[in-house]
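**Student:** After the sequence you'll find the predicted model.
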Amino acid sequence: MIDLLIGPFADFGFMRRALVACFSLSLGSGAIGVFLVLRRMSLIGDTMAHSVLPGAAVGFMVAGLSLPAMSLGGFVAGLLVALASGLVSRYTPLKEDASFASFFMISLAVGVLLVSTHGSSVDLMHVLFGSILAVDDTSLMLMAGVATVTLLLFAVIFRGLVAECFDPTYLRAVRDQGGVYHTVFLILVVLNMVSGFQALGTLMAVGLMMLPATAARFWVAEVWSLIALATGIAFLSGYAGLVLSYQYNLPSGPAIVLVAGAIYMLSVAAGPRGGILAGLVRRRHLRS
Amino acid sequence: MTTADYLVELGDLTVTYDRHPALHHLTGGFARGSLTAVVGPNGAGKSTLIKAIAGLVRPAGGHVALHGLSSRDIAYMPQLAAIDDSFPISVLDATLLGHWRRVGAFGTITRAMKAAAREALATVGLEGFESRSFGSMSAGQRQRALFARVLVADSPLILLDEPFSAVDARTTADLIGLIGLWHDEGRTVVAVLHDFGQVRRYFPQALLLARRKVAWGETADVLTDGNLLAARAMSEAWDAEAPVCEDERAAG
């Protein structure tokens, strides 16, 4: 049993690195995901992830398969999309989700165009699906750095972010620049996307962000406990996904996200706060 | 009354949404320590006026002047509908937001501030609800919590946007008592209301709006049958024209 659960990590350096990478990602993603859900921006996380692609492609064209270059490119592209969407939703009648969707489609198309004219489909697969088993020290440092920055900045903007989600007009009435918290938050979203795409790919990185957050909602009901639980679920998903991918020779990214998905389904079914079973029990209680 | 007695003075205030006037050339003032009800038909610009005073919408023309008061010192209570009640925040934390003008996003919440919030919750009849989630309470209880937040803010000027729109009679009676208390303490209170009976009974001053001022002064003089009829007629006429502000049309 111990062999099964700990063996792969004891035997192989790349498995250990992958595990540390998962933990680093989870630390940032837990909080980010919870606030994305609370701000009703769940799908915006998805659009942000895709908009990172052209930047990563430009980085790849300039410097080859270099993580710092691709990350920087992705970060800049993601930031541009977030900024442009923010400006459009602020100064035109278009809602935030619609303007995000528009810019991410443009960004994604540019990305696919760049990758298909200047790279091979193998590179595209790498960016889209990542390879957590090939994480090197540089990318590990990047992920740990992003997690650290994320947690520190979250501590700074936490009160403002909560107040701005709960009652934005009140915050504006007491002359607080609520937009600042939102902007810092969006930057953190982009940072964590970039950090995640190397390990899990742009598509799967969102999974580790959203699924633990939506699952946690069925168990607890305060912002801090949601974040703690979401981070824990992300940890567990990363670990279990890696073990499964090792034992059954599965691709690691989807394995990790599918574990998170299983935890989510279980939470929907059995979670005490709004879960389906809890609803059934309550109904029976009312009838008797 | 001279302008020096005004806490809030409006000079030819005009607010537009997409160039259609929501509030039109409003001049007048709210005296220090006055208790005023803002009434009028739907779409008459009542909430818009409150928002303009709170600095939440920018006037297209004219001005709002605050005398001896910073705009941070206004306690503004939004409509209950403007609040995300699915957000997981405890009643105590929601009430503590009243301290925002003193502590902002980074200041320390002292023990005294927490005590003040608890005391405010007790005053509005929510003792024991401190750790309940805001969204899990009834509309009436949520409205009480918003009043507690205003209590905590301890502001000289209090703006209430439809404070009783989703609330039962008993809660309304309790909260009107609280408004009376604020009035006795010398605070200036402006509230958007719908119930004329309520206004006649508890509010000495009234402002009747129909996108422009119909009448402003002692409640008995404002809420006359003639004025109310005029307000309704004006509001219907406006709707039929769907107008662009005259001045703006002239300007460009």
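**Tutor:** Nice, thanks for sending it over. Owing to the predicted nature of the structure, the values given are computational and were not obtained by experimental measurement.
**Student:** what about the chain, any weak spots by pLDDT?
**Tutor:** Picked chain A for this. A:1, A:65, A:119-133, A:283-288 (pLDDT under 70).
**Student:** think we crossed wires, I meant chain B
**Tutor:** Scanning chain B with the threshold set as pLDDT under 70 gives B:1-4, B:238-252.
**Student:** Strands of that one, start to end?
**Tutor:** Listed in chain order, the strands of chain B (DSSP state E) span residues B:6-17, B:20-31, B:35-39, B:61-66, B:74-77, B:157-160, B:188-192, B:205-210, B:212-218.
**Student:** For chain A, which of those is the nearest?
**Tutor:** The closest approach between chain A and any of the strands of chain B, judged by Cβ to the nearest Cβ, belongs to strand B:74-77 at 3.7 Å. Quick note: C-beta positions are derived from backbone N, CA and C, even for glycine.
**Student:** ok, the closest one: who's next to it in the sheet?
**Tutor:** Strand B:74-77 has the following strand partners under DSSP bridges: strand B:157-160 (parallel).
**Student:** Tell me which of the strands of chain B lies nearest to A:Pro8.
**Tutor:** strand B:74-77 (58.1 Å; Cβ to Cβ).
**Student:** so where do the helices sit in the stretch 51-200 of chain B?
**Tutor:** Secondary structure of the stretch 51-200 of chain B (DSSP state H, counting those that start in this stretch): helices at B:91-96, B:100-103, B:111-123, B:139-153, B:169-184, B:196-202.
**Student:** Nearest to A:Leu171 among those helices would be which one?
**Tutor:** helix B:100-103 (7.3 Å).
**Student:** just to revisit the earlier point, can the strands of chain B go into a markdown table with extra columns for mean neighbour count and distance to A:Ile6?
**Tutor:** As requested, the strands of chain B are arranged in a markdown table below (neighbours: other Cβ atoms under 10 Å in any protein chain shown; distance: least, Cβ to Cβ, whole Å):
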| stretch | mean neighbour count | distance to A:Ile6 |
| --- | --- | --- |
| strand B:6-17 | 19 | 64 |
| strand B:20-31 | 20 | 67 |
| strand B:35-39 | 26 | 69 |
| strand B:61-66 | 16 | 67 |
| strand B:74-77 | 25 | 57 |
| strand B:157-160 | 24 | 62 |
| strand B:188-192 | 24 | 65 |
| strand B:205-210 | 24 | 72 |
| strand B:212-218 | 18 | 77 |
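**Student:** Turn the ones you listed into a markdown table, including distance to A:Val257.
**Tutor:** Converted to a markdown table, those look like this (distance: least, Cβ to Cβ, whole Å):
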| stretch | distance to A:Val257 |
| --- | --- |
| strand B:6-17 | 45 |
| strand B:20-31 | 48 |
| strand B:35-39 | 54 |
| strand B:61-66 | 53 |
| strand B:74-77 | 44 |
| strand B:157-160 | 48 |
| strand B:188-192 | 49 |
| strand B:205-210 | 55 |
| strand B:212-218 | 59 |
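**Student:** Let me have the helices of the stretch 51-200 of chain B in a markdown table, adding mean neighbour count and distance to chain A as columns.
**Tutor:** As requested, the helices of the stretch 51-200 of chain B are exported to a markdown table (neighbours: other Cβ atoms under 10 Å in any protein chain shown; distance: least, Cβ to the nearest Cβ, whole Å):
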| stretch | mean neighbour count | distance to chain A |
| --- | --- | --- |
| helix B:91-96 | 24 | 7 |
| helix B:100-103 | 18 | 5 |
| helix B:111-123 | 16 | 13 |
| helix B:139-153 | 23 | 8 |
| helix B:169-184 | 16 | 17 |
| helix B:196-202 | 15 | 24 |
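**Student:** what's A:Thr150 in contact with, if anything?
**Tutor:** When contacts are counted by Cβ atoms under 8 Å, 6 or more residues apart in numbering or on different chains, A:Thr150 is found next to A:Leu27, A:Gly28, A:Ala31, A:Ile32, A:Leu188, A:Leu191, A:Asn192.
**Student:** and which of those residues is nearest to chain B?
**Tutor:** Nearest to chain B among the contacts of A:Thr150, counting by Cβ to the nearest Cβ, is A:Ala31 at 14.0 Å.
**Student:** Now find how far off-centre the helix or strand where the closest one lies is within its chain.
**Tutor:** Following DSSP states H and E, the helix or strand that holds A:Ala31 is helix A:13-38. Taking Cα atoms, centre = their mean, to the nearest Å, one finds helix A:13-38 lying 8 Å from the centre of the chain it belongs to.
**Student:** Buried by neighbour count: which residues of that helix qualify?
**Tutor:** Along helix A:13-38, these residues count as buried under the neighbour rule (16 or more other Cβ atoms under 10 Å in any protein chain shown): A:15, A:17-38.
**Student:** for stretch A:174-187, same thing?
**Tutor:** Residues of stretch A:174-187 classed as buried by neighbour count (16+ other Cβ under 10 Å): A:Val174, A:Arg175, A:Asp176, A:Gly178, A:Tyr181, A:His182, A:Val184, A:Phe185, A:Leu186, A:Ile187.
**Student:** Does the last one touch A:Leu83 like I think?
**Tutor:** Right, the one you point to is A:Ile187. No - look at A:Ile187 against A:Leu83 with Cβ atoms under 8 Å: they stay out of range, at 9.5 Å.
**Student:** Dump the helices of the stretch 51-200 of chain B into JSON lines; add distance to B:Pro21 as well.
**Tutor:** Output for the helices of the stretch 51-200 of chain B, formatted as JSON lines (distance: least, Cβ to Cβ, whole Å):
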{"stretch": "helix B:91-96", "distance to B:Pro21": "35"}
{"stretch": "helix B:100-103", "distance to B:Pro21": "31"}
{"stretch": "helix B:111-123", "distance to B:Pro21": "38"}
{"stretch": "helix B:139-153", "distance to B:Pro21": "29"}
{"stretch": "helix B:169-184", "distance to B:Pro21": "30"}
{"stretch": "helix B:196-202", "distance to B:Pro21": "25"}
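**Student:** Any idea which of those helices gets closest to A:Ala199?
**Tutor:** Closest approach to A:Ala199 among the helices of the stretch 51-200 of chain B is made by helix B:91-96 (35.3 Å; Cβ to Cβ).
**Student:** In the stretch 1-150 of chain A, mark out all the helices, start to finish.
**Tutor:** A:2-5, A:7-11, A:13-38, A:42-51, A:53-63, A:67-91, A:96-118, A:121-129, A:137-166.
**Student:** so the fourth one versus helix A:13-38, what angle?
**Tutor:** This points to helix A:42-51. The directions of helix A:42-51 and helix A:13-38 differ by 130 degrees, with axes from the mean of the first three to the mean of the last three Cα atoms, to 10 degrees as the criterion.
**Student:** quick one: helix A:42-51 near chain B?
**Tutor:** No - against chain B, helix A:42-51 shows no contacts by Cβ under 8 Å from any Cβ of the partner chain, the least distance being 13.4 Å.
**Student:** list the buried ones in that helix?
**Tutor:** Going by neighbour count (16+ other Cβ under 10 Å), the buried part of helix A:42-51 is A:Ser42, A:Ile44, A:Gly45, A:Asp46, A:Thr47, A:Met48, A:Ala49, A:His50, A:Ser51.
**Student:** these two touch, right, the fourth one and A:Val206?
**Tutor:** Right, A:Asp46. Yes - here A:Asp46 reaches A:Val206: they are 5.2 Å apart, a contact under Cβ under 8 Å.
**Student:** which residues touch B:Ala37?
**Tutor:** B:Ala191, B:Val192, B:Leu193, B:Gln198, B:Val199, B:Phe203, B:Gln205, B:Ala206, B:Leu207, B:Thr219.
**Student:** partner residues bridging it?
**Tutor:** Residues found in beta-bridge contact with B:Ala37 (criterion: DSSP bridges) are B:Ala191, B:Ala206.
**Student:** Sounds good, over and out.
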